[in-house]
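*Asks:* my questions are about this predicted structure, shown below with the sequence.
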Amino acid sequence: MNKEWDLSPLYEGFDTEKFRTDLEALKKAAAEYNAFAAALPEDRAFGIHRALELQEKLVRLVMPLFEYAGLRGTVNTSDEEAVNNQALLQKLMSDSSAADAAVKAYVGKTENLEELIAADPFLGDYAYLLRTMQDDAKYVLDEKVEEALAKMNLSGGSAWENLQAYLTSTVEADYRGQKLNLSAVRNLAYDPDPAVRKDAYDAEVACYEKIKDAVSFSLNSLKQQVTTECELRKGGSPLEMTLRHSRMQKTTLDAMITAIEEYLPVFWKYLRAKAKMLGYEGGLKWWDMFAPMGKNTATYTVEDAKKYLIDHFKPFAPDMAEMMERAFDEAWIDFYPHAGKVGGAFCANLACIKQSRVLTNFDGAFGDIVTLAHELGHAYHGMMIEDHRPLNLDYSMPVAETASTFNETVVMNAALDEATDDQVKLGLLESQLQDTTQIMCDIMSRYWFETAVFEKAKEGFAFSDELCEMMKAAQKRGYGDGLDLDTLNPYMWVCKSHYYSAGLSFYNFPYAFGGLFAAGLYAQYRKEGEAFLPKYRALLKATTVASVEDVAKMADIDLGDVNFWRSSLEIFKARVEMFLELAKA
């Protein structure tokens, strides 16, 4: 079994003829698009049609180039060729920002847009995109300003994002006389030995001390840049801008958060019960958050993970099981942590080759199998949308976590249904509740922390110590008396890449959305059986061409109704109650 992913279906290297030829073709296509956008014709039917054709051409060319450079860089943040080519491609695409602004304004001022969409099947394929472009046109600035913002971002937001990734992937933790990278020392949080977990926590915190000040400049600068851009666009707060980009209503977010806040004490009960099982009263200590329980302490090889996933997904969706087998056999996955590799896990959908690439930091715990299921859920989502037209391949943040979290639910519920030994069931249940507590308590703490950072950005700079205090305040609110509040991790803002993007703020609540939406969908699957699968596939396919609320309606779900979110949370509440009963035994 491969340890690293294979990027050769994209390119064999930066110095190959194919890469150089495609790069030159991209430059010519960008020049052609820019020239056309500089003199858009009066004939709107022809102008919009041609502009979209040229944008399609750009996307087809840039996608493999950019993905190759980006993927190379994530497994080796010191890869100079990857960094240089990413910068080159970012610069090249930023040069088209003025053209993009011109086209958006052009579409925005087209009074008979619906008539044009109805008359042209090509425009009909892009009906949702064109309508959103028209809605967004009022927030688009002058073409020269848009161009300047895009170019300044290369040495601004994008550079700060790269700095955080570089520092967190190269910093060394001093653990028991060894030098470990951050991903490796964080993985020790899952170790069955409490002394290992505590020492790893101490090493992790000390590790952040080395880079906290530099990373604080990244965070402050990014949030100030986003705040400034919101002011320039007169688009409201960063959260309002995020919701607009997410194609999601504020009423949906409010309903979800209202329900989560009501149910947070349920998860605090679970945390206190886990602490008691570990031998102490009160809140759980931070370093015990991921302590394995029950008999679920086995370790797994990559081959074990492959078999487990295929066996559990074949009954649900044979096409997903086949895709998973391909992912393992065709080297779609980069498995193990090492120096220079970014932490965490992600999936990159590569519609250009009808594949995906998955990065994990596999360490053999059952949670790593769940992580693979999650990321391969993203890959399945990518498979559902890969036949859309090139400009219809982006789904919004909230629905981005639907297929991935649904996969987690399938794995965990299937395993629980099969378990006969109470200790095995306890271990599986506890593993699921670990993850659920993260997407409820921890995600809410991240949401409140990021809200506080944006508020601070309006008035000044938050140094690392202040950011730590803001993080602790958010954690206390999210975890309540479920944690020992003297053992929090104030540096969680340093390692979470989700905070470090000028174009993607509040990448936290989508995880809660995905978890609860997936729970609701899974409940439907349990009722409907095989009849649910075509609906599920259609729903995933629609995520790039419909609002979040309209996607949910395909499953007869009203996201503005707080009772939907409560019904999903009741599913998790039942799991907590089951855990409490098993814990007593």
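*Replies:* On my side now, so go ahead. Nothing here was measured: the structure is a model prediction, and the numbers come from that model.
*Asks:* so where is the stretch 201-350 of the chain shaky, pLDDT-wise?
*Replies:* Within the stretch 201-350 of the chain, the ranges that satisfy pLDDT under 70 run 296-297.
*Asks:* residue boundaries of the strands in it?
*Replies:* Here the stretch 201-350 of the chain has its strands, by DSSP state E, counting those that start in this stretch, at 333-334, 346-350.
*Asks:* most tightly packed of those strands?
*Replies:* Of all these, strand 333-334 carries the top mean neighbour count, a mean of 26, counting by mean count of other C-beta atoms under 10 Å. C-beta: built from backbone N, CA, C; applies to glycine.
*Asks:* mind putting the strands of the stretch 201-350 of the chain into JSON lines with distance to residue 285?
*Replies:* Formatted as JSON lines, the strands of the stretch 201-350 of the chain follow (distance: least, C-beta to C-beta, whole Å):
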{"stretch": "strand 333-334", "distance to residue 285": "32"}
{"stretch": "strand 346-350", "distance to residue 285": "29"}
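*Asks:* I'd like to know which of these is closest to residue 87.
*Replies:* strand 346-350 (18.8 Å; C-beta to C-beta).
*Asks:* just how off-centre is that closest one within its chain?
*Replies:* Distance of strand 346-350 from the chain centroid (C-alpha atoms, centre = their mean, to the nearest Å) equals 10 Å.
*Asks:* what of stretch 123-132?
*Replies:* Put simply, stretch 123-132 sits 25 Å off its chain's centre (C-alpha atoms, centre = their mean).
*Asks:* need the CA coordinates for that stretch. CSV is fine.
*Replies:* Extracted in CSV, the C-alpha atoms of stretch 123-132 (Å, rounded to 0.1, in the frame of the first residue of the first chain):
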residue,chain,number,x,y,z
LEU,A,123,-26.7,30.3,-20.1
GLY,A,124,-29.5,28.0,-18.7
ASP,A,125,-26.8,25.7,-17.3
TYR,A,126,-25.4,28.7,-15.5
ALA,A,127,-28.7,30.2,-14.3
TYR,A,128,-27.9,30.0,-10.6
LEU,A,129,-24.4,31.4,-11.1
LEU,A,130,-25.7,34.3,-13.2
ARG,A,131,-28.4,35.1,-10.7
THR,A,132,-25.9,35.1,-7.8
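*Asks:* would you mark the buried spots in that stretch?
*Replies:* Residues 123, 125, 126, 128, 129, 130, 132 are the ones in stretch 123-132 that count as buried (16 or more other C-beta atoms under 10 Å).
*Asks:* can you redo those as CSV with distance to residue 26, secondary structure and pLDDT?
*Replies:* Output for the buried residues of stretch 123-132, formatted as CSV (distance: C-beta to C-beta, whole Å; DSSP: H, G, I helix; E, B strand; the rest coil; pLDDT from 0 to 100):
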residue, distance to residue 26, secondary structure, pLDDT
123, 25, helix, 97
125, 23, helix, 97
126, 22, coil, 97
128, 26, helix, 96
129, 21, helix, 96
130, 24, helix, 97
132, 25, helix, 93
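*Asks:* okay, those residues in a markdown table with distance to residue 362 next?
*Replies:* Shown next, in a markdown table, are the buried residues of stretch 123-132 (distance: C-beta to C-beta, whole Å):
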| residue | distance to residue 362 |
| --- | --- |
| 123 | 45 |
| 125 | 39 |
| 126 | 40 |
| 128 | 38 |
| 129 | 37 |
| 130 | 43 |
| 132 | 38 |
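*Asks:* to residue 9, which of the strands of the stretch 201-350 of the chain lies closest?
*Replies:* For residue 9, the closest of those is strand 346-350, at 8.0 Å, according to C-beta to C-beta.
*Asks:* ok, the closest one: who's next to it in the sheet?
*Replies:* Using DSSP bridges, the strands paired with strand 346-350 are strand 355-359 (antiparallel).
*Asks:* and for the strand it pairs with, what's in contact with it?
*Replies:* Strand 355-359 is contacted from outside by 5, 7, 9, 67, 71, 74-75, 326-327, 330, 332-334, 341-342, 344-350, 372, 375-376, 378-379, 382-383, using C-beta atoms under 8 Å, 6 or more residues apart in numbering.
*Asks:* if you set the cut-off to 7 Å instead, what comes out?
*Replies:* Under the criterion C-beta atoms under 7 Å, 6 or more residues apart in numbering, residues 5, 9, 71, 74, 327, 332-334, 345-350, 375-376, 378-379, 382 lie in contact with strand 355-359.
*Asks:* what's the closest of the strands of the stretch 201-350 of the chain to residue 57?
*Replies:* Comparing these by their distance to residue 57 (C-beta to C-beta), the top pick is strand 346-350, with 18.0 Å.
*Asks:* relative to residue 159, how far out is residue 87?
*Replies:* Plainly put, residue 87 is 9 Å away from residue 159 if you go by C-beta to C-beta, to the nearest Å.
*Asks:* now swap in residue 46 and tell me
*Replies:* To residue 159, residue 46 is 40 Å away according to C-beta to C-beta.
*Asks:* residue 74 too?
*Replies:* Where residue 159 is concerned, residue 74 sits at a distance of 17 Å (C-beta to C-beta).
*Asks:* repeat for residue 181
*Replies:* The gap separating residue 181 from residue 159 is 23 Å, by C-beta to C-beta.
*Asks:* between the two, which has more neighbouring residues?
*Replies:* Set residue 181 next to residue 159 and count neighbours by other C-beta atoms under 10 Å: residue 181 wins out with 22 against 16.
*Asks:* can you tell me how far the closest residue to the more buried one other than its chain neighbours is from residue 173?
*Replies:* Nearest residue to residue 181, sequence neighbours excluded (C-beta to C-beta, 6 or more residues apart in numbering): residue 339, at 4.9 Å. Distance, residue 339 to residue 173, by C-beta to C-beta: 11 Å.
*Asks:* the more surrounded of these two?
*Replies:* Remark: of residue 339 and residue 173, residue 173 carries more neighbours, 23 against 17, as counted by other C-beta under 10 Å.
*Asks:* residue 207 is in contact with the more buried one, correct?
*Replies:* Yes: the pair residue 173 / residue 207 is scored as a contact, 4.0 Å apart, by C-beta atoms under 7 Å.
*Asks:* got any residues that touch both of those two?
*Replies:* By C-beta under 7 Å, 6+ apart, residue 173 and residue 207 have these common neighbours: 182, 185.
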